[in-house]
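Engineer: missing the sequence, but the structure's below:
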């Protein structure tokens, strides 16, 4: 690689070849920055769509599970209602049987009482009552017990039918809730499908931009590689370097990008700077075109001594 002196470097920077190379690199670098920003947005969109998709899918599955649970509840209620109805019909048959028994006892009691009361004279009625007193007592005791059992059976029957009514009324309400949850499941899955489409689109955009980014990086790498032979320099990512002097302890550098924060001075794209080879760009010194390196050295030493 041919060594260039200060004057040769200044002439080189004004050539059309260098300006064309520099403009092409700047264009690619600008495109690189745009792609990197776009990739960040696309990656964020992918992550957001993926998160929302997972969140709403879980919500949809939860709604479906709750709907299924309510469906099971309705099934269990119908089973219980059928059991209660069967029990109620059994109790009703038993009630009818006891009621018939009570009716028969009442008929017997009233028949005996009428038989006693049908005698024309009081003395005969008294004797008749005395004769049937024991039988009437037994019949009335049996009647009281059977009638009490009949009332208990009827009360139990009413309780059963109230339970049937209560649980029967509960079923439609639960079915409405279950149906509403099924509809919510459908709505949420529609949202999930929309988010999946959005995520798929964002992933494709991200893949395309990453592919383009790789291509831009390859083109920039080719330009930097060409700079070494075309401009007799060392080309890294952000600077071009020309070692100067016999011992190459100093280097003239050209910034390929503007940077106002990362270096000891504000760096502007395309500007010429000077640095020590050992310290590199950690400590840059501005160079005015047309002055000698020695003059620059003396002036910059005084400047930085004053700053220090």
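Structural biologist: Arrived safely. This one's a predicted model, so the numbers in the text were calculated from it and none came from an experiment.
Engineer: what mean pLDDT does the helix or strand hosting residue 40 get?
Structural biologist: Take DSSP states H and E as the rule and residue 40 turns out to sit in helix 16-117. Average pLDDT, helix 16-117: 92.
Engineer: who are the packing partners of that helix?
Structural biologist: helix 122-231 (3 or more CB pairs under 8 Å, 6 or more residues apart in numbering; DSSP states H and E). In this view, the C-beta of every residue, glycine as well, is placed from N, C-alpha and C.
Engineer: quick check: next helix or strand after the helix it packs on?
Structural biologist: If you walk from helix 122-231 toward the C-terminus, the next helix or strand you reach (DSSP H and E) is strand 234-235.
Engineer: pLDDT on the following helix or strand past that next one, on average?
Structural biologist: Remark: after strand 234-235, the chain's next helix or strand is strand 239-244, criterion DSSP H and E. Mean pLDDT, computed over strand 239-244, is 91.
Engineer: angle of strand 239-244 against helix 122-231?
Structural biologist: Between the direction of strand 239-244 and that of helix 122-231, the angle (axes from the mean of the first three to the mean of the last three CA atoms, to 10 degrees) works out to 30 degrees.
Engineer: what pairs with strand 239-244, parallel or antiparallel?
Structural biologist: If you go by DSSP bridges, strand 239-244 pairs up with strand 234-235 (antiparallel), strand 250-255 (antiparallel).
Engineer: the ones you listed: which one's closest to residue 116?
Structural biologist: Between residue 116 and the strands paired with strand 239-244, the shortest gap by CB to CB is with strand 250-255, which sits at 135.1 Å.
Engineer: what sits up against the closest one?
Structural biologist: Contacting residues not belonging to strand 250-255 are listed as 6, 9, 13, 238-244, 267-277, 281, 284, 287, 293, 297 [CB atoms under 8 Å, 6 or more residues apart in numbering].
Engineer: what about that strand, average pLDDT?
Structural biologist: If you average the per-residue pLDDT over strand 250-255, you get 92.
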